[in-house]
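Participant: okay, here's the prediction I keep looking at, along with the sequence it came from:
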Amino acid sequence: MKKALLLGVIATAAMAFTACTDKKVDAPADDFTMEQLQAEEARCDTIQESGLDLMSSTWSGMVIPVSAGDVNVKTLMRAFCKNYLDFKGNRKMMRYLLDEQGFNAEKDSFTVDAPVGADFMKVATTAELSSATTGKVWTCQDGHKMLGVLMEQFVEAPNRPERVVAFFDFDPSKRELVPNPNVAQKVAKAMDCIYGQLTMVFPVEGNNIEMLEYTDAKDSLSYKIHFDGSSFRFDPKGKKISK
């Protein structure tokens, strides 16, 4: 009896040791369906707010599991969007990701910019006051990935659209998107330096974020937020661009 009990303790300890030392994490299955999305669309169609106020106060508080598969902008944006469907731009992007082959711009009333092989994609509604979501993946020096998500709702007034910018760290060994509010704060501070009408552009190619400032003056200005391999650095010296 004692021998059996001792063997049981050893086996339990061995299992615990294996669990603590094995760093491989099994990725969860992605079973989100078009039917679930349609239910969310029906729910959100009854809400007047854009959903961005809720996004700005909640995105930094949730760690998002990423399902199995290649790590690219589509994989990471699918994980993000299905958790934040209150914003229309995210719902449209999720609709595209669930059925890329069935996408029809004229029928579905949204456009997609997703260059082949690029770590960039953007989905925007074709309404006059568009809802747009852009995703960009940066490769970091430590082997991690950084996901940036730009969500914009264009409104009649003021000139600046409602805008939320979120950033996440992705560790391939853990398969999780972990919020990185420090990076988001750096980008937000750079945005605060722009006094005129602001357009923010995530790079399709390259790594630097561009901000375009439009004023009543003859020349407008372009500013760069430089990626340094782990975060961003704002260059306050704007370059003149012609209107």
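Facilitator: It's in.
Participant: what about L212, distance to C81?
Facilitator: 26 Å (Cβ to Cβ, to the nearest Å). Quick note: C-beta positions are derived from backbone N, CA and C, even for glycine.
Participant: settle it for me: which of the two has more neighbours?
Facilitator: Neighbour count, other Cβ atoms under 10 Å: between L212 and C81, C81 has more, with 26 against 17.
Participant: what residues are up against the more buried one?
Facilitator: Residues in contact with C81, defined by Cβ atoms under 8 Å, 6 or more residues apart in numbering, are N90, R91, M93, M94, L97, T133.
Participant: pLDDT for those - can I get that in JSON lines?
Facilitator: Below are the contacts of C81 laid out as JSON lines (pLDDT from 0 to 100):
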{"residue": "N90", "pLDDT": "96"}
{"residue": "R91", "pLDDT": "95"}
{"residue": "M93", "pLDDT": "97"}
{"residue": "M94", "pLDDT": "96"}
{"residue": "L97", "pLDDT": "96"}
{"residue": "T133", "pLDDT": "97"}
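Participant: out of those residues, list just those in helices.
Facilitator: N90, R91, M93, M94, L97 (DSSP state H).
Participant: for these, which entry has the maximal number of neighbours?
Facilitator: M93 (31 neighbours).
Participant: so which helix or strand takes in the residue nearest the centre of the chain?
Facilitator: Residue closest to the average C-alpha location in the chain (Cα atoms, centre = their mean): V149, at 3.0 Å. Assigned by DSSP states H and E, V149 falls within strand 145-153.
Participant: so which other helices or strands are in contact with that strand?
Facilitator: Here strand 145-153 is seen to pack against helix 52-58, helix 73-81, helix 88-98, strand 131-139, strand 162-171 when contacts are counted using 3 or more Cβ pairs under 8 Å, 6 or more residues apart in numbering; DSSP states H and E.
Participant: parallel or antiparallel, list what pairs with the last one.
Facilitator: Next to strand 162-171 in the sheet, as set by DSSP bridges, lie strand 145-153 (antiparallel), strand 176-179 (antiparallel).
Participant: any idea which of those strands is most buried?
Facilitator: Highest mean neighbour count among these (mean count of other Cβ atoms under 10 Å): strand 145-153, with a mean of 23.
Participant: pLDDT (mean, whole number) over that strand?
Facilitator: For strand 145-153, the mean per-residue pLDDT is 97.
Participant: distance between that strand and the chain's centre?
Facilitator: Its chain's C-alpha centre and that of strand 145-153 lie 4 Å apart, by Cα atoms, centre = their mean, to the nearest Å.
Participant: quick one: work out the angle between it and helix 73-81.
Facilitator: Here strand 145-153 runs at an angle of 60 degrees relative to helix 73-81 (axes from the mean of the first three to the mean of the last three Cα atoms, to 10 degrees).
Participant: next, the angle helix 88-98 makes with strand 145-153.
Facilitator: Going by the same axes, to 10 degrees, strand 145-153 makes 130 degrees with helix 88-98.
Participant: and the angle from strand 145-153 to strand 131-139?
Facilitator: Using the same axes, to 10 degrees: strand 145-153 against strand 131-139 is 170 degrees.
Participant: residues in contact with S60?
Facilitator: A166, P179, P181, A184.
Participant: can I get those residues in JSON lines with pLDDT?
Facilitator: Formatted as JSON lines, these follow (pLDDT from 0 to 100):
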{"residue": "A166", "pLDDT": "97"}
{"residue": "P179", "pLDDT": "98"}
{"residue": "P181", "pLDDT": "97"}
{"residue": "A184", "pLDDT": "96"}
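Participant: so K88 makes contact with S50?
Facilitator: Yes. Checked against Cβ atoms under 8 Å, the pair K88 and S50 is within contact range at 7.1 Å.
Participant: touching the helix or strand Q185 falls within from outside, list them.
Facilitator: Using DSSP H and E, Q185 sits within helix 181-192. Helix 181-192 is contacted from outside by 60, 146, 163, 165-167, 198, 200, 209, 211, 223, 225, 231-234, using Cβ under 8 Å, 6+ apart.
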